[in-house]
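J.: let's see this in three dimensions:
(one chain, ligands or ions: 1)
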Amino acid sequence: MTRTALITGASRGLGRALARQLAADGWHLIIDARGADALTDVRRELAQHTSVQALVGDVRDAAHRAALATAAQASGGLDLLVNNASTLGPSPQPTLLDYPLDTLAEVYAVNVLAPLGLIQAVQGQLKPGARIINISSDAGVEAYPGWGGYGSSKAALDHLSAILAAERPDLRVYAVDPGDMNTQMHQEAFPGEDISDRPAPETSVPGLIELIGGALPSGRYQARNLPQPRQGGAQELRVALTVADYPAAVRQYRDGLGLPELSAWDRPDGRGMLLDAGHAVLELLDERQSASIDAIEAGGAQAGPLRLVFKVADLQASGDSMVDHGATVVRDPVDTPWGHRNLRLRSNADLPLTLFIERNDTDA
Ligand SMILES: NC(=O)c1ccc[n+]([C@@H]2O[C@H](COP(=O)([O-])OP(=O)(O)OC[C@H]3O[C@@H](n4cnc5c(N)ncnc54)[C@H](OP(=O)(O)O)[C@@H]3O)[C@@H](O)[C@H]2O)c1
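T.: Okay, here's the model as predicted:
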């Protein structure tokens, strides 16, 4: 199942660095920029690793944004939208009392209105669980003299991101400060200055990858302060269940337990769905330990080699909902010696399930 990302301003700088990483990871990419030559060069480079659609255009242009949305639709929808294209405005930047308002309106058109316009244009193409990353700046938070135009546009983008996240809790909406980077925009901000000591844009990419692949909540982040993806071990645990009654399984876990749908597919060779089950842990038990747990939480009913265990916020509500959606109660909730309150169920496909809360999670 190919994942698709739309990245604006990917012909150089941070957008290109992120596109390179996602191409290496096998994502299908839709990219844009105004300059055709640089964009064509990047498309050719990325196409050695993955499929790429490159659309020349200006994010301020509604027709261009519509074309990007059409490309997203033709790709089967978006898993990721990155609003990265941006303008500094004039350089040197005028102070606010001298800032020509028509010029300021141009800065806002690129940095605020275009990102929202693109989100609006692709809203019907966002797959369940899609992520939106709006690239911000420390100038959106810090009051640097001379940065009033660009800085206030990034502050507006931050707040817009936060409100969108509140309005659409089904999406993950991130505003991300990438940190100073040795790019054309940074050189424009410091004309004539040697900026070779600034980090390359590639140093901000691992943080973005953590937001793209991880389970962090919507919010504002600094790319370089995010945990870096781990090199060793695993980055995700997936439990794949093969079920005879697929709709019943969807009802059980998506609707009954309320697991957010990340993506779903229906192809000639079959159907499948990814559900976000929160943080993943692989629990290994020897047979004696497993039998002891069975005795405590299930009155001795044996789970066998595989049992799904979900930590929930409200044991009573989640248990009732699971029963409403076809699960059966093996034993009423029990307080365990290890500080949990556990409820053993069997799923509608006869799989052993444990729901639990940590006892200090509740007033009870
Ligand atoms: N560099 C830094 O130190 C720094 C610090 C904090 C935040 N940021 C943010 O990081 C992001 C990336 O910046 P960067 O430094 O990588 O910039 P950059 O090197 O100047 O690259 C900007 C990219 O956006 C494209 N672009 C600019 N205006 C566009 C428009 N109106 N429509 C379509 N594409 C457009 C550019 O191509 P064309 O010019 O050909 O269109 C280019 O591909 C920006 O959001 C920026 O505000 C940068």
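
J.: from here on, contacts and neighbour counts on C-alpha atoms
T.: Fine.

J.: export stretch 25-40 as CSV, just CAs?
T.: Listed next in CSV are the C-alpha coordinates belonging to stretch 25-40 (Å, rounded to 0.1, in the frame of the first residue of the first chain):
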residue,chain,number,x,y,z
ASP,A,25,11.1,5.3,1.9
GLY,A,26,9.0,4.5,-1.1
TRP,A,27,6.3,7.3,-0.8
HIS,A,28,4.5,8.5,-3.9
LEU,A,29,5.2,12.2,-4.1
ILE,A,30,3.4,15.2,-5.5
ILE,A,31,5.7,18.3,-5.4
ASP,A,32,5.6,21.9,-6.6
ALA,A,33,7.5,25.1,-7.0
ARG,A,34,7.4,28.1,-9.3
GLY,A,35,10.8,27.6,-11.0
ALA,A,36,10.4,24.9,-13.6
ASP,A,37,14.1,24.0,-14.1
ALA,A,38,14.9,23.3,-10.5
LEU,A,39,11.7,21.4,-10.0
THR,A,40,12.4,19.3,-13.1
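
J.: state the pLDDT value of the residue of the stretch 201-350 of the chain found nearest the ligand.
T.: Proximity to the ligand, evaluated over the stretch 201-350 of the chain using CA to the nearest ligand atom, is greatest for Pro201 at 6.8 Å. The pLDDT attached to Pro201 in the predicted structure is 97.

J.: make 20 the starting number, not 1.
T.: Will do, 20 is the new start, and the previous item becomes Pro220.

J.: how many other residues sit next to it?
T.: Pro220 is flanked by 20 other residues according to other CA atoms under 10 Å.

J.: so for stretch 308-325, mean pLDDT?
T.: What stretch 308-325 shows for mean pLDDT is 94.

J.: that older thread, my read: the residue of the stretch 220-369 of the chain closest to the ligand touches His205, true?
T.: No. Applying CA atoms under 8 Å as the test, Pro220 and His205 come out as separate, 10.7 Å apart.

J.: that's a helix at Glu207, yeah?
T.: Yes. The assignment for Glu207 by DSSP: H, G, I helix; E, B strand; the rest coil puts it in a helix.

J.: next, the closest residue to it other than its chain neighbours: phi, psi?
T.: In space, Glu207 comes closest to Ser110 once its chain neighbours are excluded; the distance is 6.4 Å by CA to CA, 6 or more residues apart in numbering. For Ser110, the backbone dihedrals are phi -130, psi 130 (criterion: degrees, to the nearest 10).

J.: just the helices in the stretch 20-169 of the chain please.
T.: With DSSP state H, counting those that start in this stretch as the definition, the stretch 20-169 of the chain shows helices at residue ranges 32-43, 55-65, 81-93, 120-127, 133-141, 167-186.

J.: the lowest-mean-pLDDT helix or strand in the chain pairs with which strands, and in what direction?
T.: Comparing every helix and strand of the chain by mean pLDDT, DSSP states H and E singles out strand 280-286 as the least confident one, with a mean of 84. Counting by DSSP bridges, the strands paired with strand 280-286 are strand 289-294 (antiparallel).

J.: list the buried residues in the partner strand.
T.: Judged by neighbour count using 16 or more other CA atoms under 10 Å, the buried positions of strand 289-294 are 293-294.

J.: how far does the helix or strand just after it sit from the chain's center?
T.: Sequence-wise, the next helix or strand beyond strand 289-294 is helix 306-317, with elements assigned using DSSP states H and E. The chain centroid and the centroid of helix 306-317 are separated by 37 Å, computed with CA atoms, centre = their mean, to the nearest Å.

J.: pull out the buried positions in whatever helix or strand comes next after helix 306-317.
T.: Next helix or strand after helix 306-317 toward the C-terminus (DSSP H and E): strand 327-330. Under the neighbour-count criterion of 16+ other CA under 10 Å, strand 327-330 has 328-330 buried.

J.: for stretch 354-369, same thing?
T.: Within stretch 354-369, the residues that qualify as buried are 354, 359-368, counting by 16+ other CA under 10 Å.

J.: and for stretch 188-201?
T.: By neighbour count, and taking 16+ other CA under 10 Å as the criterion, the buried residues in stretch 188-201 are 189-201.

J.: contacts with the ligand among the residues you listed, please.
T.: Here is what survives when the buried residues of stretch 188-201 are matched to the ligand using CA under 6 Å from any ligand atom: 196-201.

J.: for this structure, which spans come out with low pLDDT?
T.: With pLDDT under 70 as the threshold, the chain has low-confidence stretches at 248-254, 379-383.

J.: got the domain ranges for it?
T.: Each structural domain of the chain that the record assigns through automatic domain parsing is listed here as a residue range: 23-244, 265-380.

J.: can you point me to the longest strand in the protein?
T.: strand 145-154 (DSSP state E).

J.: that one and the ligand, are they touching?
T.: Yes. Applying CA under 6 Å from any ligand atom, one finds that strand 145-154 is in contact with the ligand at Ile154.

J.: what lines up beside that strand in the sheet?
T.: For strand 145-154, the paired strands and their directions (DSSP bridges) are strand 97-102 (parallel), strand 191-196 (parallel).

J.: let me have those strands in JSON lines, extended by distance to Gly167.
T.: Putting the strands paired with strand 145-154 into JSON lines (distance: least, CA to CA, whole Å) gives the following:
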{"stretch": "strand 97-102", "distance to Gly167": "21"}
{"stretch": "strand 191-196", "distance to Gly167": "17"}
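
J.: and this protein, which residues reach the ligand?
T.: Within the chain, the positions adjacent to the ligand are 27-34, 52-54, 76-79, 103-106, 129, 154-156, 196-205 by CA under 6 Å from any ligand atom.

J.: just the ones in strands from these, please.
T.: With strands taken from DSSP E, the overlap with the residues of the chain next to the ligand comprises 52, 154, 196.
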